[in-house]
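A.B. asks: Any chance you could fold what I've pasted below:
(one chain, ligands or ions: 1)
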Amino acid sequence: MDTDNQSLMDNGSLFLPESLSTFSQDVDFLFYAIFVLSIVLSIMMFGVMFYFLFKYRRTKMNQKAAKQVIDNHMLEFLWSFIPLVIVMVIFFWGWKDYLILSIAPENAMEIRVTGQKWYWSFYYPQTGAESTTDLYVPVGEPVKLVMSSKDVLHSVFIPNFRVKKDVVPNYYTNLWFEATEVGSYQLFCAEYCGDAHSTMLGNVHVLSRSDFDQKMKELSFGDDLPLDVLGAKLYKKHGCFGCHSVDGSVVVGPSWKGLYGSARQFSDGASIEADDNYLRESIVNPAKRIVNGYSNVMNSYAGLLEDREMDAIIEYIKTLK
Ligand code: CUA
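C.D. replies: Prediction:
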């Protein structure tokens with residue numbers, strides 16, 4: 001993950017982070033209009049309340065209460081009609097902006113987004129490129145995200161672009177934006193989705209057109225890739241990093257660093273040297289032998305990897321000495 005993400009407060013205000021998409025200004029304008037209106041109305045209401053408190057306070061013992069006003073049709077009409085006008089203006093204003101936010105321009109570039117516990121993956125249909133955690137988009141071009149979930153409800157939230165949309169299993173939701181400035185911005189999962197919800201972060205990298213095209217080439221899965229390079233890509237693509245580190249640290253499962261050729265101690269007391277067949281078995285049938293100190297939580301990847309991909313992951317593990 002990049003560490004150069006802009007802080008949410010950079011160039012933003014106390015209430016909103018920096019505004020970096022074509023319609024984020026409109027969202028902000030509506031937000032501040034409602035915010036200022038709320039403050040003005042609150043001051044008016046409390047002003048009248050304190051004025052009456054003072055005016056009708058009891059000043060001497062045995063003072064009679066002021067006479068109740070029973071009917072005042074003009075007053076009743078005004079306190080119904082004026083708020084109605086205010087909320088209808090807010091409604092149509094918000095509705096107009098909501099339509100703009102909901103309907104992507106015809107020429108928007110589509111990117112497929114998959115949410116799953118607990119990472120994001122992105123597929124770029126025009127180029128066949130794939131990326132995980134990091135979303136790459138060109139600057140100054142409309143981008144449409146077509147989103148779905150593999151398991152539970154997630155939600156894509158990119159504060160700088162003022163966009164947020166739920167990501168639902170067995171259903172596609174859309175979201176679009178046009179980024180106005182090159183840079184890296186935070187993407188959050190904004191729907192509680194289980195243990196690691198708070199770490200289900202992503203980065204949106206807004207690149208120039210030429211940098212974007214270059215990135216697409218890097219992220220494509222060509223047949224001519226060396227096996228270990230393909231393996232490193234698959235490690236990201238399939239989210240293996242969620243449980244297996246490549247630097248020796250323990251996440252959920254054993255690290256892949258130094259794994260190949262090492263002695264494995266199993267919970268049933270047996271022991272074996274990690275060779276190609278052991279690695280293959282651990283991917284296809286992970287429950288068969290559990291390494292001491294770890295839990296049986298991994299799903300089988302049988303049928304999910306082609307033979308070449310299986311080889312690639314094993315070759316990649318071999319390079320992690
Ligand atoms: Cu995914 Cu919260």
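A.B. asks: Please make it C-alpha for all contacts and neighbour counts, starting now.
C.D. replies: OK.
A.B. asks: Asp26: what's its closest spatial neighbour, skipping adjacent residues?
C.D. replies: Nearest in space to Asp26, with sequence neighbours left out and distances taken as Cα to Cα, 6 or more residues apart in numbering, is Asp97 at 7.4 Å.
A.B. asks: Let me know the average pLDDT across whichever strand or helix holds that neighbour.
C.D. replies: In the assignment (DSSP states H and E), Asp97 maps to helix 73-102. The pLDDT scores in helix 73-102 average 93.
A.B. asks: Give me the distance from that helix to the chain's centre.
C.D. replies: 32 Å (Cα atoms, centre = their mean, to the nearest Å).
A.B. asks: again with stretch 112-132
C.D. replies: Centroid displacement of stretch 112-132 relative to its chain, using Cα atoms, centre = their mean, is 12 Å.
A.B. asks: how many neighbours does the residue lying closest to Ser245 once chain neighbours are set aside have?
C.D. replies: Excluding the flanking residues, the one nearest Ser245 by Cα to Cα, 6+ apart is Ser255, at 4.7 Å. Neighbourhood size, Ser255 [other Cα atoms under 10 Å]: 19.
A.B. asks: Report the secondary structure state of Ser255.
C.D. replies: Three-state call for Ser255 (DSSP: H, G, I helix; E, B strand; the rest coil): coil.
A.B. asks: That one and Glu18, how far apart?
C.D. replies: 38 Å (Cα to Cα, to the nearest Å).
A.B. asks: Could you do Thr173 as well?
C.D. replies: On the measure of Cα to Cα, Thr173 and Glu18 end up 25 Å apart.
A.B. asks: okay, the two: which has more neighbours?
C.D. replies: Taking other Cα under 10 Å, Thr173 and Glu18 do not tie; Glu18 has more neighbours (20 against 15).
A.B. asks: Flag every residue of the stretch 101-250 of the chain that's near the ligand.
C.D. replies: Counting by Cα under 6 Å from any ligand atom, the stretch 101-250 of the chain comes close to the ligand at Trp118, His154, Cys189, Ala190, Glu191, Tyr192, Cys193, His197, Met200.
A.B. asks: so what's the first one up against?
C.D. replies: By that I understand Trp118. By Cα atoms under 8 Å, 6 or more residues apart in numbering, Trp118 lies in contact with Ala196, His197, Thr199, Met200, Gly242.
A.B. asks: how about the helices of the stretch 1-150 of the chain, start to end?
C.D. replies: 24-55, 73-102 (DSSP state H, counting those that start in this stretch).
A.B. asks: starting at the chain centroid, how far to the first one?
C.D. replies: Chain-centre distance of helix 24-55: 33 Å, with Cα atoms, centre = their mean.
A.B. asks: Show the buried residues in the contacts of Trp118.
C.D. replies: Buried by 16 or more other Cα atoms under 10 Å: His197, Met200, Gly242, out of the contacts of Trp118.
A.B. asks: Can you add secondary structure and give those back as CSV?
C.D. replies: Formatted as CSV, the buried ones among the contacts of Trp118 follow (three-state DSSP):
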residue, secondary structure
His197, helix
Met200, coil
Gly242, helix
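A.B. asks: quick one: least confident of these?
C.D. replies: Within the set of those, pLDDT is lowest for Gly242 (86).
A.B. asks: measure that residue to the ligand for me?
C.D. replies: Applying Cα to the nearest ligand atom, to the nearest Å, the value for Gly242 to the ligand is 13 Å.
A.B. asks: and what of Met74?
C.D. replies: 51 Å.
A.B. asks: That residue: what's it in contact with?
C.D. replies: Contacts of Met74 by Cα under 8 Å, 6+ apart: none found.
A.B. asks: repeat for Phe212
C.D. replies: Tyr136, Val137, Pro138 are the contacts of Phe212 under Cα under 8 Å, 6+ apart.
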